[in-house]
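> Sequence first, then the predicted structure, then my questions.
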Amino acid sequence: MKEGRIVKVSGPLVVAENMAGAKMYDMVKVSRHRLVGEIISLKGDLASIQVYENTSGIGPGEPVYPTYQPLSVELGPGLISGIFDGIQRPLSIITKRIGPYITRGVEIPALDRERLWKFKPLVKIGTEVVAGDIIGEVEETPLVVHKIMVPPGISGKVEKIEEGEFKVTDTIAVIGGKEIQMLQRWPIRSPRPYKDKIAPNAHLTTGQRVIDTFFPLGKGGTACCPGPFGSGKTVLQHQLAKWCDAEIIIYIGCGERGNEMTDVLTEFPQLKDPKSGRPLMERTVLIANTSNMPVAARDASVYTGITIAEYFRDMGYSVAVMADSTSRWAEAMREISGRMEEMPGEEGYPAYLSARIAEFYERAGRVICLGSDSREGSLSVIGAVSPPGGDLSDPVVQATLRVVKVFWSLEDKLAYQRHFPAISWLNSYSLYPPNIEESIKKEVSEKFIEQTREAMKLLEKEAELQEIVRLVGIDALSPQDRLVLEGARAIREDFLHQNAFLDTDTYTSLKKQAAMLDMILYFYEKTKEGLSKGLSISQIERMKVKERIARAKHIPEKEIDRISKIKEEIDREIKELLGE
């Protein structure tokens, strides 16, 4: 194999000569350490290589070994419960073999080559199959059945297929003269093919009241949650990863602090899946590329994560990707672009920043998968954005907002008031309600949709009245306006505020959310009637039932009926105050 020669080293960027014949995005091995690199620019026989490992001690004259293959991920049984770095090296196996730090040039395959998997065929010899057809399955974990599909580009008659225990590299079938293994490889920068993309029509329940009630996300949708330091982006991402009702979770820790990723790695194995009661890791894949790992690998980590997600989507699963944070990914792009001496765009980011962000989010969607059975799969993408100082005019935020359909605006002002999730109900938005209303009506009721609109009107009215209160004081308001403030306060404190670290409050089903909102709006309507019958606003503000309303969030999911009984207490206390 022809070798290249290093002529320049600039941090993670290496320039090599004698590289004629190589292609853009080909993977190469750099120096005698055989560091993983990827060609990102070609000029004559000079190649600019982005190296995904530390390049200290490497200099001109050292060899570069082309592979003539694009940077790819391994797809097959063994992904679920796995913890990988940005270029899919298995961190748990590296820890056992080498220690807590990744040695330069370490080459350990992503999927275990020795483990045997029990393969169960689903087609018979002689069956005609096409790309994407499911030919068998492997029970990867008690929560995930791994479906073995015909790779894209292959079709024909099944000439051989057998049941038994196999390694991922063993031949399990022969289709159209081609041997099929459980292991597939796919280039990370190329979206996996599908038949058709269709509009999301189902609600992705997250268990977070402010999201599910006011700013919902559809299965196969895109969302972003920008916010300044300390506003709770990472905790929100953790909550979504823990509780959203997707069947497969891919969590990408891209450039975040090591201690935050450690929390994920220690918490997730202990968490129970709310539907099955099994450990949450049995349907989760973690990509950990923390801030102390090589900067160039951040660029690959989001592509690695989304390619694995597309693979499970192709099986017909509902998949959710949490990317925390895309700002660190953009910063990695900016650093590499600067070293390549490209013309900088806004705030030093490369001119292609918007295109890269759009390419990433557009890989989300609800699709008709390849294959003859027309199964549906969905891939939802939720990206955290960390603009400097919480500035929403930051290029990364603006480029993201142009392509996503849900915006959860995290505010430090709310975080400092200890209101979590610190999502602004006045600045956030979702464009999915028209698509998913039917899904919500089936799961809860039509009344719930109307009540969410009523509640939002109360919150908007409160914002207007607060301006008057700041200028002239609360005593200048009419009793009716003060009651609006009281109703909005109940929505904010007793409904929107949610404690992620309290077992009774960390997750709320859609039915419980509907019961809680119904109770709060019932309190507002009944006190409004009481006000017209002679009840004073001070009496309403001192009502004892308010404490019962505040504690309703801690009522267990199995005892939701107790929430509707609070409405009886509201009626009883109002009658007592009116002397009826």
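Yep, that arrived. Only a predicted model underlies this, so the values are computations on that prediction, with no experimental measurement involved.

> going forward, measure contacts between C-alpha atoms and count neighbours the same way
Noted.

> Shouldn't residue 366 be within a helix?
No. Secondary structure of residue 366 (DSSP: H, G, I helix; E, B strand; the rest coil): strand, not part of a helix.

> can you tell me which helix in the protein is longest?
Criterion DSSP state H: the longest helix present in the chain is helix 446-472.

> Can you mark which positions in it are buried?
448-449, 451-452, 455-456, 458-459, 462, 465 (16 or more other Cα atoms under 10 Å).

> For residue 550, state which of these is nearest.
residue 455 (16.3 Å; Cα to Cα).

> sorry, back to before: mind putting the buried residues of helix 446-472 in a markdown table, distance to residue 161 and pLDDT included?
Compiled in a markdown table, the buried residues of helix 446-472 are given as follows (distance: Cα to Cα, whole Å; pLDDT from 0 to 100):
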| residue | distance to residue 161 | pLDDT |
| --- | --- | --- |
| 448 | 51 | 95 |
| 449 | 51 | 95 |
| 451 | 56 | 96 |
| 452 | 54 | 96 |
| 455 | 58 | 97 |
| 456 | 58 | 97 |
| 458 | 63 | 97 |
| 459 | 62 | 97 |
| 462 | 66 | 96 |
| 465 | 71 | 95 |
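
> Just give the number of residues close to the closest residue to residue 440 other than its chain neighbours.
Computed as Cα to Cα, 6 or more residues apart in numbering, the closest residue to residue 440 that is not its neighbour in sequence is residue 203, at 6.7 Å. If you count neighbours by other Cα atoms under 10 Å, residue 203 ends up with 23.

> For residue 203, give the beta-bridge partners.
Note on residue 203: beta-bridge partners residue 218, judged by DSSP bridges.

> so what's the backbone phi/psi at the spatially most central residue of the chain?
Centroid check for the chain by Cα atoms, centre = their mean gives residue 322 as the closest residue, at 2.0 Å. Per-residue torsions, residue 322: phi -110, psi 120 (degrees, to the nearest 10).

> Wait, it touches residue 382, no?
Yes. Between residue 322 and residue 382 a contact is recorded at 5.1 Å, counting by Cα atoms under 8 Å.

> Just the buried residues of the helix or strand just after the longest helix of the chain, please?
Heading C-terminal from helix 446-472, the first helix or strand you meet, by DSSP states H and E, is helix 479-490. Along helix 479-490, these residues count as buried under the neighbour rule (16+ other Cα under 10 Å): 479, 481-490.

> Out of these, which is nearest to residue 79?
Closest approach between the buried residues of helix 479-490 and residue 79, by Cα to Cα: residue 490, at 44.6 Å.

> what's the spacing between that closest one and residue 526?
Relative to residue 526, residue 490 is positioned 14 Å away (Cα to Cα, to the nearest Å).

> what's the domain layout of this structure?
Domain assignment of the chain by automatic domain parsing yields the ranges 4-70, 112-182, 196-431, 446-578.

> Export these as TSV, with columns for distance to residue 437.
Shown next, in TSV, are the domains of the chain (distance: least, Cα to Cα, whole Å):
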stretch	distance to residue 437
domain 4-70	42
domain 112-182	29
domain 196-431	8
domain 446-578	8
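
> Ok, which of those comes nearest residue 439?
Distance to residue 439, taken as Cα to Cα, is lowest for domain 196-431 among these, at 5.4 Å.

> got the residue ranges for the helices in the stretch 251-400 of the chain?
Applying DSSP state H, counting those that start in this stretch to the stretch 251-400 of the chain gives helices spanning 258-267, 295-314, 326-339, 353-361, 395-401.

> Which pLDDT value does the model give residue 1?
At residue 1 the predicted local distance difference test score is 58.

> Now residue 177. Its backbone dihedrals?
Backbone geometry at residue 177, expressed as degrees, to the nearest 10, gives phi 80, psi 0.

> Let me fix that, I meant to ask about residue 27.
Phi and psi for residue 27, reported as degrees, to the nearest 10, are phi -90, psi 140.

> so where does the residue nearest to it when sequence neighbours are not counted fall, helix or strand?
Of all residues not flanking residue 27 in the chain, residue 38 sits nearest, at 4.5 Å (Cα to Cα, 6+ apart). Assessed by DSSP H and E, residue 38 sits inside strand 35-43.

> Which strands or helices does that strand pack on?
For strand 35-43, the packing partners by 3 or more Cα pairs under 8 Å, 6 or more residues apart in numbering; DSSP states H and E come out as strand 26-30, strand 46-51.

> Could you dump those strands into a markdown table and include distance to residue 469 and mean neighbour count?
Below are those laid out as a markdown table (distance: least, Cα to Cα, whole Å; neighbours: other Cα atoms under 10 Å):
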| stretch | distance to residue 469 | mean neighbour count |
| --- | --- | --- |
| strand 26-30 | 63 | 23 |
| strand 46-51 | 57 | 25 |
